[in-house]
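# Let's see this in three dimensions:
(one chain, ligands or ions: 1)
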Amino acid sequence: MKKVLIIGAGLAGCYLAARLQNDCEVTIITKGERAESDSMLAQGGIAAALDPGDSPRQHAQDTLAAGQYHNSIAAVEQLVTAGPELLAQLIRQGMQFDHDEQGQLDFGLEGAHSYHRILHADGDQTGAALTSFVQQQLNNVTWLTQTNVLQLVVEHHRCRGVLVRKTGQATTTIINGDAVILATGGLGNLYPYTTNDDTVTGDGFALAMRAKVALADMAYVQFHPTLLMIDHQCYGLITEAIRGAGARLVDENNQRIMATVPHHDLAPRDVVARQLTKWQAAGHQLFLDISDVPNFEQHFIGVTANLDHHHIPFRETNRIPVQPGAHFMMGGLRADLNGQTSLPGLFAIGEVACNGVHGANRLASNSLLDCLVSAAKAGETITQTTPLTATNLTTTDALTSEQSRPMAVNLPSLAELQQQAWANIGIVRQPAKLQAFINWLAQYHLAELVPAQLTDAQLTIVNLGLCAELIAKAALAEPQNLGANYLVKES
Ligand code: SIN
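Residues are numbered from 1 along each chain as shown. Got it, this is the predicted structure:
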């Protein structure tokens with residue numbers, strides 16, 4: 001049987017595991033627990049042309065327009081045509097999406113969609129419902145939780161396994177596999193304001209960079225316009241579906257912030273995030289006005305619980321204080337339509353992959369769909385074409401004792417790195433600042449540090465720092481402003 005190592009416990013990794021578990025020996029390796037991933041936090045929903053009045057063509061057009069036509073047309077075609085069938089299959093297996101009063105699937109609207117096509121589960125808890133549903137199907141999988149992947153093991157130009165270490169421990173172990181799949185998600189924790197789970201720290205991009213696996217579109221980081229903001233700290237996502245249901249962005253004077261922008265509050269995310277940044281720079285505060293949202297508390301159960309938890313008096317004011325923050329990485333390991341990367345034996349699926357489907361700005365609620373589609377395609381390829389490898393790598397004691405000795409290293413603190421990233425590779429960028437940031441990072445020689453010689457906390461900083469360098473260099477190299485990569489000469 002083929003041995004398959006899946007790194008990451010989110011929807012893409014678990015869905016792939018579910019599809020392979022009867023044909024392959026599957027291990028899921030995750031640095032946190034099973035329930036820790038961005039997929040579990042996804043509020044917005046999953047977009048698919050399932051309504052008879054909608055069509056994959058329309059969904060493709062919206063995806064391309066939001067992505068500024070920087071997308072791979074083939075990847076978009078694959079998403080919008082394969083996605084609805086995979087979703088229909090899950091519904092047949094018992095996955096429950098929300099229905100309207102007539103018992104029909106209740107399709108919601110989000111920014112830059114021309115049709116109500118977003119399915120939700122348990123209101124604003126779609127990601128948790130869908131990922132848990134898929135995880136419940138896993139009955140023939142080995143889980144390695146609290147396990148950090150330090151390095152890809154490459155032999156004869158093929159990925160043959162991973163070097164791992166349990167959280168807080170020193171011993172490293174090599175696990176071999178016929179196929180290694182990165183499903184590690186994004187890099188939101190590079191920034192001080194993010195919607196991402198604490199475990200999402202750019203590990204997949206750093207693993208790829210160290211192994212010289214091709215990366216693409218690293219300039220394109222999506223900032224979500226609305227995170228709950230209290231005293232300069234963010235406390236989770238305020239889903240865009242609330243704007244889809246009629247909420248408006250306003251300032252402290254109740255002036256509508258998006259009034260003069262095409263598509264207003266439902267403009268693409270990069271456009272909304274920039275407009276909010278402009279407004280903030282002029283000294284204004286940002287709020288989401290929910291006066292016109294019917295049945296807010298019934299529809300947005302998770303958001304309501306979060307607001308209550310933080311004592312936000314939204315029932316009296318009809319306002320939620322918000323702030324844009326890092327949400328999703330459009331770039332990543334360059335992957336073909338089957339998730340194959342530039343390194344044989346290594347696949348990338350979900351957010352860590354860049355198959356070109358999202359272009360320069362992801363369309364809302366396309367990411368859970370991409371998790372399903374990219375995982376399904378990779379699964380087919382792995383069962384059909386991945387050869388069984390002859391070598392059987394084992395734990396290497398020499399490597400273990402040699403490399404696990406901690407070294408004194410000069411690193412910035414995580415908070416300092418995050419502040420620098422926000423200021424220099426955030427929503428609006430400047431060429432001179434990008435160059436200065438690259439120079440600042442260079443003093444730490446991040447690419448020369450050996451992961452097994454770092455503590456878990458140091459490794460997080462190093463991985464995020466490497467991602468920052470990739471983003472800054474890519475942002476400078478892009479020939480023009482496009483989607484989420486927006487440069488101005490000076491502020
Ligand atoms: C949201 O609920 O606003 C986020 C959905 C997404 O990023 O697709």
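# dump the residue contacts of residue 458.
409, 411, 449 (C-beta atoms under 8 Å, 6 or more residues apart in numbering). Just so you know, the C-beta spots here come from the backbone N, C-alpha and C atoms, and that holds for glycine as well.
# Name the nearest of those relative to the ligand.
residue 411 (30.9 Å; C-beta to the nearest ligand atom).
# Past the worst-scoring helix or strand of the chain on mean pLDDT, which element shows up next along the chain?
Ranked by mean pLDDT, DSSP states H and E, the helix or strand of the chain with the weakest confidence is helix 397-403, at a mean of 44. Once the chain leaves helix 397-403, the next helix or strand it forms, by DSSP states H and E, is helix 414-424.
# that older thread, turn the contacts of residue 458 into TSV, columns for neighbour count.
Putting the contacts of residue 458 into TSV (neighbours: other C-beta atoms under 10 Å) gives the following:
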residue	neighbour count
409	17
411	16
449	21
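# pLDDT check: weakest of the residues you listed?
Looking at these by pLDDT, the weakest one is residue 409, with 91.
# can you pull the contacts of it?
Residue 409 touches 449, 453-454, 458, counting by C-beta under 8 Å, 6+ apart.
# and if we set it to 10 Å?
Neighbouring residues of residue 409 by C-beta atoms under 10 Å, 6 or more residues apart in numbering: 444-446, 448-450, 453-455, 458, 461-462.
# now swap in residue 185 and tell me
Residue 185 touches 8-13, 37-39, 196-197, 199-204, 328-329, 332, 350-352, 367, 371, counting by C-beta under 10 Å, 6+ apart.
# go again using 8 Å as the cut-off
Going by C-beta under 8 Å, 6+ apart, residue 185 touches 8, 10, 37-39, 196-197, 200, 204, 350-352.
# Ok, residue 64 next?
With contact set as C-beta under 8 Å, 6+ apart, residue 64 has these partners: 71, 73, 76, 359.
# In helices, which of those fall?
Cross-referencing the contacts of residue 64 against helices under DSSP state H gives 73, 76.
# confidence score at residue 111?
We have a pLDDT of 89 for residue 111.
# correct me, but it touches residue 239?
No: with contact defined as C-beta atoms under 8 Å, residue 111 and residue 239 do not form a contacting pair (10.9 Å).
# neighbour count winner among those two?
Legend: neighbour count by other C-beta atoms under 10 Å for residue 111 and residue 239, higher for residue 239 (30 against 24).
# got the residues of the stretch 1-150 of the chain near the ligand?
Residues of the stretch 1-150 of the chain lying near the ligand by C-beta under 6 Å from any ligand atom: 43-44.
# circling back to that earlier point, buried ones among the contacts of residue 64?
Buried subset of the contacts of residue 64 (neighbour count, 16 or more other C-beta atoms under 10 Å): 71, 76, 359.
# Dump these to JSON lines, plus distance to residue 378.
Below are these laid out as JSON lines (distance: C-beta to C-beta, whole Å):
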{"residue": "71", "distance to residue 378": "19"}
{"residue": "76", "distance to residue 378": "18"}
{"residue": "359", "distance to residue 378": "21"}
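# Next up, the contacts around the residue of the chain found nearest the ligand.
Here the chain gets closest to the ligand at one residue, residue 44, 2.5 Å apart by C-beta to the nearest ligand atom. The neighbourhood of residue 44, defined by C-beta under 8 Å, 6+ apart, consists of 110, 118, 120, 124, 126, 239-241, 364-365.
# same question, residue 468
By C-beta under 8 Å, 6+ apart, the neighbours of residue 468 are 190, 417, 420-421, 425, 437, 441.
# again with residue 356
Residue 356 touches 70-72, 74-75, 216-217, counting by C-beta under 8 Å, 6+ apart.
# Just among the residues you listed, which is most surrounded?
Using other C-beta under 10 Å as the neighbour test, the contacts of residue 356 are led by residue 71, with 27 neighbours.
# Correct me if wrong: residue 378 contacts residue 338.
Yes: assessed by C-beta under 8 Å, residue 378 is found in contact with residue 338 at 5.9 Å.
# Which one's more surrounded, the two?
A count of neighbours by other C-beta under 10 Å puts residue 378 above the other of residue 378 and residue 338, at 32 against 19.
# Name the SS class of that one, please.
Classification of residue 378 using DSSP: H, G, I helix; E, B strand; the rest coil returns helix.
# how far away is it from residue 339?
Distance from residue 378 to residue 339, counting by C-beta to C-beta, to the nearest Å: 3 Å.
# what is in contact with the two at once?
With C-beta under 8 Å, 6+ apart, residue 378 and residue 339 have common neighbours 181, 347, 349.
# what's residue 7 sitting at in phi/psi?
Note on residue 7: its backbone torsions stand at phi -100, psi 110 [degrees, to the nearest 10].
# Would you agree it is in contact with residue 164?
No: applying C-beta under 8 Å as the test, residue 7 and residue 164 come out as separate, 9.2 Å apart.
# Settle it for me: which of those two has more neighbours?
Relative neighbour count places residue 7 above the other of residue 7 and residue 164, with 27 against 20, counting by other C-beta under 10 Å.
# Name whatever forms a beta bridge with that one.
Counting by DSSP bridges, residue 7 is bridged to residue 29, residue 182.
# and it, what does it touch?
Residue 7 neighbours (C-beta under 8 Å, 6+ apart): 13, 28-30, 149, 162, 180-184, 204.
# what stretches of the stretch 301-450 of the chain score poorly on pLDDT?
Along the stretch 301-450 of the chain, segments meeting pLDDT under 70 span 390-406.
# Show the residue spans covered by the strands in it.
All strands of the stretch 301-450 of the chain, identified by DSSP state E, counting those that start in this stretch, fall at 319-329, 332-334, 346-348, 353-354.
# Would you mind pulling up the elements that the last one packs against?
Meaning strand 353-354. The helices and strands touching strand 353-354, judged by 3 or more C-beta pairs under 8 Å, 6 or more residues apart in numbering; DSSP states H and E, are strand 332-334.
# and the strand it packs on, how far from the chain's centre?
13 Å (C-alpha atoms, centre = their mean, to the nearest Å).
# what about the residue nearest to residue 423 when sequence neighbours are not counted, how many residues close to it?
Excluding its sequence neighbours, the residue lying closest to residue 423 (C-beta to C-beta, 6 or more residues apart in numbering) is residue 433, at 7.2 Å. Residues near residue 433, counting by other C-beta under 10 Å, number 19.
# Residue 433 contacts residue 424, doesn't it?
Yes: Residue 433 lies in contact with residue 424 (C-beta under 8 Å); the separation is 4.8 Å.
# related to what we said a few turns ago, out of the shared contacts of residue 378 and residue 339, which are buried?
Of the shared contacts of residue 378 and residue 339, these count as buried by 16+ other C-beta under 10 Å: 181, 347, 349.
# Please produce JSON lines containing the strands of the stretch 301-450 of the chain, extended by distance to the ligand.
Listed next are those as JSON lines, based on distance: least, C-beta to the nearest ligand atom, whole Å:
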{"stretch": "strand 319-329", "distance to the ligand": "6"}
{"stretch": "strand 332-334", "distance to the ligand": "16"}
{"stretch": "strand 346-348", "distance to the ligand": "19"}
{"stretch": "strand 353-354", "distance to the ligand": "16"}
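# Of all those, which one comes closest to residue 255?
Closest approach to residue 255 among these is made by strand 319-329 (12.9 Å; C-beta to C-beta).
# picking that back up, out of the buried ones among the shared contacts of residue 378 and residue 339, the closest to residue 267 would be?
Among those, residue 349 lies closest to residue 267 (C-beta to C-beta), at 29.2 Å.
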